[in-house]
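**Q** sequence-free structure coming up:
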């Protein structure tokens, strides 16, 4: 009587329901996992890398080292939240400052205003110091593959910085 169409298809174990009488989620019912992720063009996505090996930073200011990377495939334009973390082990030598900067970037360079410094002052005893380092940033993303870099730059020529137990996560959010 309303001239609104309803289509129901019943199978042995699953069914499909379409209704033009209602709107929103209740107007369509399909079996779970009926649509592949590649067919959905506006859903959030995520990617993650883990690596337990160590990366030694180059002991020279201005030389950026890629600690790890992550690639996320964005179905549409949007934004990507990138979070990187590592255990940073520093071999420090007394009487000299030991420092490095860390950040995440859409290139292999440190962001100008988005990096953090890990610094051990010259009056600290010689030894190995372990610190957790976590950095994050939000980037605009285009549809397709987007790669992000966890980057470090040792600012001093004394001491060593090792990044261990690295993890980089990327979460896509559509606009």
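**A** Noted; the coordinates are in hand. It should be emphasised that the depicted structure is a prediction, and the values quoted were computed from it without experimental measurement.
**Q** alpha carbons only for contacts and neighbour counts from here, please
**A** Noted.
**Q** Dihedrals phi and psi, residue 26?
**A** phi -80, psi -10 (degrees, to the nearest 10).
**Q** What is the burial count for it?
**A** 11 (other Cα atoms under 10 Å).
**Q** Quick check: the gap between it and residue 7.
**A** 13 Å (Cα to Cα, to the nearest Å).
**Q** ok, and residue 67, which helix or strand is that part of?
**A** Element membership for residue 67 (DSSP states H and E) is strand 65-74.
**Q** And for the closest residue to residue 169 other than its chain neighbours, the neighbour number?
**A** Nearest non-adjacent residue to residue 169, counting by Cα to Cα, 6 or more residues apart in numbering: residue 48, 4.3 Å away. Residue 48: 16 surrounding residues under other Cα under 10 Å.
**Q** how close does residue 48 sit to residue 145?
**A** 14 Å.
**Q** now do residue 63
**A** Applying Cα to Cα to residue 63 and residue 145 gives a distance of 26 Å.
**Q** So between the two, which is more surrounded?
**A** More crowded of residue 63 and residue 145, by other Cα under 10 Å: residue 63, with 15 against 11.
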